[in-house]
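Enquirer: Got a predicted model here, sequence first, then my questions.
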Amino acid sequence: MVTVDDITGFFLDNSSDTRKVERSNFNGVPIIESWIGLPKKEKVIIKGHIHNHKEYLQGVKISTSGVTGYFSKSGRVYVTTKNSIYELGQPLNGVELLITAPKFQNSEKITYWS
């Protein structure tokens, strides 16, 4: 079973800083920006703002169906669902705070305020 920690950790280990700026290499895969992974009924869903999707307006908020897998290619991280594939763009600010939390701090005890 895929967990939120699995996806977040994989993103941290496999995403490249160069992909944050370049979107000229768009290969037809929708991109989810300001994303966060959430547990739902023993699966993980991704919530965020969708871009480059043929059926949704740019930046509209979406929730994916349950994530079935994930992989990376050329510094980009992708998640798969039953019928779709999405690239993960920049995570939501709270996830970024977790990413940059000092190693000595116990991240379970950090409180995030929006």
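Expert: Sure thing, it's come through.
Enquirer: where does the closest residue to K40 other than its chain neighbours fall, phi/psi-wise?
Expert: Spatially, and ignoring its direct neighbours in sequence, K40 is nearest to G66 (7.2 Å; C-beta to C-beta, 6 or more residues apart in numbering). In short, each C-beta sits where N, CA and C put it, glycine included. Dihedral pair for G66: phi -60, psi 130, per degrees, to the nearest 10.
Enquirer: OK, contacts around G66?
Expert: K40, K41, K43, V44, I45, T81, K82 (C-beta atoms under 8 Å, 6 or more residues apart in numbering).
Enquirer: can you redo those as TSV with distance to S15 and neighbour count?
Expert: Formatted as TSV, the contacts of G66 follow (distance: C-beta to C-beta, whole Å; neighbours: other C-beta atoms under 10 Å):
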residue	distance to S15	neighbour count
K40	23	14
K41	27	6
K43	22	16
V44	17	23
I45	19	19
T81	19	17
K82	24	9
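Enquirer: Looking at those, which are in strands?
Expert: Among the contacts of G66, DSSP state E puts K40, K43, V44, I45, T81 in strands.
Enquirer: with the contacts of G66 in mind, which one is nearest to N14?
Expert: Lowest distance from N14 to the contacts of G66 (C-beta to C-beta) belongs to V44, with 16.7 Å.
Enquirer: mind listing the helices for the chain?
Expert: In the chain, helices defined by DSSP state H lie at 4-14, 93-100, listed in chain order.
Enquirer: Could you pull out the buried residues of the first one?
Expert: When neighbours are counted by 16 or more other C-beta atoms under 10 Å, the buried residues of helix 4-14 are found to be V4, I7, T8, F10, F11, N14.
Enquirer: okay, that helix in CSV with CA atoms only?
Expert: In CSV, the C-alpha atoms belonging to helix 4-14 read as follows (Å, rounded to 0.1, in the frame of the first residue of the first chain):
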residue,chain,number,x,y,z
VAL,A,4,1.7,9.8,2.0
ASP,A,5,5.2,9.4,3.5
ASP,A,6,6.2,7.2,0.6
ILE,A,7,5.2,9.7,-2.0
THR,A,8,6.6,12.7,-0.1
GLY,A,9,9.9,10.9,0.5
PHE,A,10,10.2,9.8,-3.1
PHE,A,11,9.5,13.3,-4.3
LEU,A,12,12.3,14.7,-2.0
ASP,A,13,14.8,12.1,-3.2
ASN,A,14,14.0,12.2,-6.9
